[in-house]
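In: sequence below, structure please.
(2 chains)
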Amino acid sequence: MTIRLFNSHSRKKEVFKPLNPDKVTIYVCGPTVYGPSHIGNARPAVVFDVLADLLRASFKQVIYARNITDIDDKIINAAKEEKEDISKITMKYTEQYKYDMKALNVSFPDEEPFATAHIKEMIEFINDLLMKEFAYVSDDHVLFDISSYNSYGMLSRRNPEEMIAGSRVEVQSYKKKPLDFVLWKPSLDNEIGWDSPWGFGRPGWHLECSTMIFKLFGKTIDIHGGGEDLTFPHHENEIAQSSCRNDGHPLANYWMHNGLVQMDKAKMSKSLGNVLLVKDLVKKVPGEVIRFSLLSTHYRQPLIWNQRLIDQSNTVLNNMYSLLAETKDLDSNEKNIDKEFLESLYDDLNTPKAISVLHSLFKRLKKSPKDSSLRALLIGSANLIGILKNDPIEWFESKNKDVDIEMINNLIEKRRMAREEKDYEKSDTIRDQLLNMGIFIEDTQEGPVWKKISIND
RNA sequence: GGCCACGUGGCGGAGUGGUUACGCAGCGGCCUGCAAAGCCGUGGACGUCAGUUCGAUUCUGACCGUGGCCUCCA
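Out: As a prediction, this is how the structure comes out:
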């Protein structure tokens, strides 16, 4: 079986062939840590987590790096607003990010490079570009000269000339060409900065990824990933500076971009106040439900986020976990992965199709609840995409953690007595009363059972 | 204004030049004091208009709609 991935560069699905089949390299653009992570930050983290695990299942070694941008004007502004040190801000939100991603079953990457830990390498990088005359110094800035790289715009399919023509923005005086981008810029004395051959200052945003990729992996990596919104200018600029510095070696052989998360009605933006934070979402539903929701759409498609999506994911996972609970005595330690499931993922990470295979395994297990190998197949397959990783009993118990069990049992007992006396009016009143509290009663052959249902706010 | 992506049944969401996706919800039946769950069964779709074709949801074009990006702004 071969893995096929959609390469944004060629805009085609291509058979994935790593440079070194014994050591696959991936780099994904991580967050800028200036605030708590939202659902849009979570999508690439989850998608490329699945990709990394899939590759690990297929290749000897995979090295997955996801950076942390801890120097940026947004961070400087956040520090001013919160009246905190920059390092406090970046540490706080880096920890928050890690915590949130863990809640979504996202594994920690093999490497997590920080921009500020690579200032020296960035300065070397700029020096190289200056020496090779791909960059120039102007007014305390160092700028990349895009006219020196004739493939500029290939990834995002943009023509620099046309872009300038359509641009309404005033050209900065220190730039030779409007699209030239900053490699190094001056900092004020009271701002964060580092000494450099061009004075006290800080790096431009695009430089860190190129620099850290070169340091960790060398000239060319197999896969570079990130959100679709980063294609231009961020990734375009990375390609330009890396290719020029490394004598034309491509930065990455495969470029992958995930689609963006959209809110139900309006786009997610801070000014509209509809940014959905991961830390708030996981208070309401298990992280696995969020993860499942993110994977229920193919990663390249736009994803419209709303309550219905969460509810449906919740229902599906509840159904699966309750079957796992019913069959918990089966020995499913030997986790296998279904062939069709794997094939779906091998086809450019088709998680919706893979999930449909999960449904079919679920139905088969339902019909043959004694088949331990089938149960192992369901769990093993789901685990590959970070789903069904919880203990089925704990799954339901954790949902019931903040209910008054004693009171519920009392009411259930009253209802039982009413039913014995065939006072169904009274018993139904009690049932409604419990329902209002979010407790749902089912009368089974073994007597009444209750479960907590989610009440939408 | 320029470039790009997307538009599938009530909702979510794959896929395909001609044949069932799948899930959630719904409906009918069995069961139940009534429900629920479970089991059995079931209807329903490819934005609009043209073109290519024996035949298009699938290819081409136009249009409409939604979203993204467009020089240190995210």
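In: give me the contact list for the longest helix seen in chain A.
Out: Criterion DSSP state H: the longest helix present in chain A is helix A:307-326. Surrounding helix A:307-326, the residues in contact under the criterion Cβ atoms under 8 Å, 6 or more residues apart in numbering are A:281, A:285-286, A:288-290, A:292-293, A:296, A:358-359, A:362, A:365-366, A:369, A:375, A:378-379, A:382, A:387-388, A:390, A:392-393, A:395-396, A:454, A:456. Where you see a C-beta, it was placed from the backbone N, CA and C, and this is true even at glycine.
In: wait, does that helix contact RNA strand B?
Out: Yes. Using Cβ under 7 Å from any atom of the strand, we find that helix A:307-326 touches RNA strand B at A:Arg308, A:Leu309, A:Asp311, A:Gln312, A:Thr315, A:Val316, A:Asn319.
In: which one of those residues is nearest A:Thr32?
Out: Nearest to A:Thr32, judged by Cβ to Cβ, of the residues of helix A:307-326 next to RNA strand B is A:Leu309 at 26.3 Å.
In: so for the closest one, what's the pLDDT?
Out: Note for A:Leu309: predicted pLDDT of 90.
In: ditto for A:Val33
Out: pLDDT, A:Val33: 92.
In: so it sits right up against A:Ile68, yeah?
Out: Yes. A:Val33 is in contact with A:Ile68 according to Cβ atoms under 8 Å; the separation is 5.9 Å.
In: so if I had to pick from those two, which one is more boxed in?
Out: Comparing A:Val33 with A:Ile68 by other Cβ atoms under 10 Å, the one with more neighbours is A:Val33, at 26 against 20.
In: now do the contacts for that one.
Out: A:Ile68, A:Thr69, A:Asp70, A:Ile75, A:Ile89, A:Thr90, A:Tyr93, A:Thr94, A:Tyr97.
In: RNA strand B next: which of the contacts of helix A:307-326 are close?
Out: Okay, of these touching RNA strand B (Cβ under 7 Å from any atom of the strand), that's A:Ser296, A:His359, A:Lys366.
In: so which of those wins on neighbours?
Out: Neighbour tally across these (other Cβ under 10 Å): the maximum, 15 neighbours, falls on A:Ser296.
In: isn't that one up against A:Thr351?
Out: Yes. At 7.3 Å, A:Ser296 and A:Thr351 qualify as touching, with contact defined as Cβ under 8 Å.
In: just say helix, strand or coil for A:Glu442.
Out: strand (DSSP: H, G, I helix; E, B strand; the rest coil).
In: so what pLDDT did it get?
Out: pLDDT for A:Glu442: 83.
In: repeat that for A:Ile290.
Out: For A:Ile290, the pLDDT comes out at 94.
In: list the contacts of the helix or strand it falls within.
Out: For A:Ile290, the enclosing helix or strand under DSSP states H and E is helix A:287-295. When contacts are defined by Cβ under 8 Å, 6+ apart, helix A:287-295 is touched by residues A:39, A:42-43, A:46-47, A:50, A:103-106, A:278, A:281-282, A:303, A:305, A:309-310, A:313-314, A:316-317, A:351-352, A:355, A:385-387, A:389-390.
In: picking that back up, okay, the ones next to RNA strand B among the contacts of helix A:307-326 in CSV with pLDDT next?
Out: Supplementary listing: those in CSV, determined by pLDDT from 0 to 100:
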residue, pLDDT
A:Ser296, 93
A:His359, 93
A:Lys366, 89
